[in-house]
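# Quick one: sequence plus predicted model below, questions after.
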Amino acid sequence: MAKKILIIDDDPVVVKYLETLFIDNGYETATAFNANEGFEAAQREKPDLITLDLQMPEEWGPRFYRKLSKSEYKDTPVIVISGMSGQHAIKNAVAYISKPFDPDKLLGVVQKALKGSG
């Protein structure tokens with residue numbers, strides 16, 4: 001069964017790119033364009049992994065992450081993909097990838113994270 005990745009980013013170009021990259025590599029995807037949508041999508045889709053942008057309108061990535069870490073999805077691996085430098089209070093993220101990113105590097109991190117999550 002294909003692993004499902006939830007993509008949370010406010011930039012539709014980035015979302016479409018990640019969606020295509022993951023689908024082309026055998027993953028299922030779900031998308032959200034802000035943190036509130038992201039949290040609802042996590043509950044609905046039960047993803048195996050989440051990619052999270054930090055700078056989004058309404059609610060920042062770190063706030064979403066705090067909310068996630070207090071929910072039943074606290075063990076879902078999160079990969080931060082952001083144009084901001086530094087870790088920005090997401091200390092348990094499995095990886096921090098800055099934009100623009102190398103798709104092969106990202107896929108490697110995703111595969112490693114999903115292996116670790118069983």
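Okay, I see it.

# And the lowest-mean-pLDDT helix or strand in the chain, what does it pack against?
One helix or strand of the chain scores below all others by mean pLDDT, DSSP states H and E: helix 61-69, with a mean of 83. Where contact means 3 or more C-beta pairs under 8 Å, 6 or more residues apart in numbering; DSSP states H and E, helix 61-69 is packed against helix 35-45, strand 49-52, strand 78-82. Bear in mind the C-beta positions are built from the backbone N, C-alpha and C, glycine included.

# which one of these has the most crowded surroundings?
strand 49-52 (a mean of 25; mean count of other C-beta atoms under 10 Å).

# Pick out the residue nearest the middle of the protein.
Thr51 (1.0 Å; C-alpha atoms, centre = their mean).

# wait, what's in contact with that one?
Contact analysis of Thr51 by C-beta atoms under 8 Å, 6 or more residues apart in numbering lists 5-9, 18, 78-81.

# 6 Å - rerun?
7, 79, 81 (C-beta atoms under 6 Å, 6 or more residues apart in numbering).

# Please apply the same query to Ala2.
26-28.

# which of those lies closest to Ala42?
Glu28 (14.1 Å; C-beta to C-beta).

# what about that closest one, how many residues close to it?
15 (other C-beta atoms under 10 Å).

# count of residues packed around the closest residue to it other than its chain neighbours?
The shortest distance from Glu28 to any non-neighbouring residue, by C-beta to C-beta, 6 or more residues apart in numbering, is to Lys4 (4.3 Å). When counting by other C-beta under 10 Å, one arrives at 17 neighbours for Lys4.

# Could you tell me which residues make contact with Lys4?
Taking C-beta under 6 Å, 6+ apart, one finds 28, 47-48 in contact with Lys4.

# picking that back up, for the least confident helix or strand of the chain, output the C-alpha coordinates as PDB.
C-alpha atoms of helix 61-69 as PDB (Å, rounded to 0.1, in the frame of the first residue of the first chain):
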ATOM      1  CA  GLY A  61       4.100  26.300  10.700                       C
ATOM      2  CA  PRO A  62       5.500  26.200  14.200                       C
ATOM      3  CA  ARG A  63       2.000  26.800  15.700                       C
ATOM      4  CA  PHE A  64       0.600  24.000  13.500                       C
ATOM      5  CA  TYR A  65       3.400  21.800  14.700                       C
ATOM      6  CA  ARG A  66       2.700  22.500  18.400                       C
ATOM      7  CA  LYS A  67      -1.000  21.600  17.800                       C
ATOM      8  CA  LEU A  68       0.000  18.500  15.900                       C
ATOM      9  CA  SER A  69       2.400  17.400  18.700                       C
END
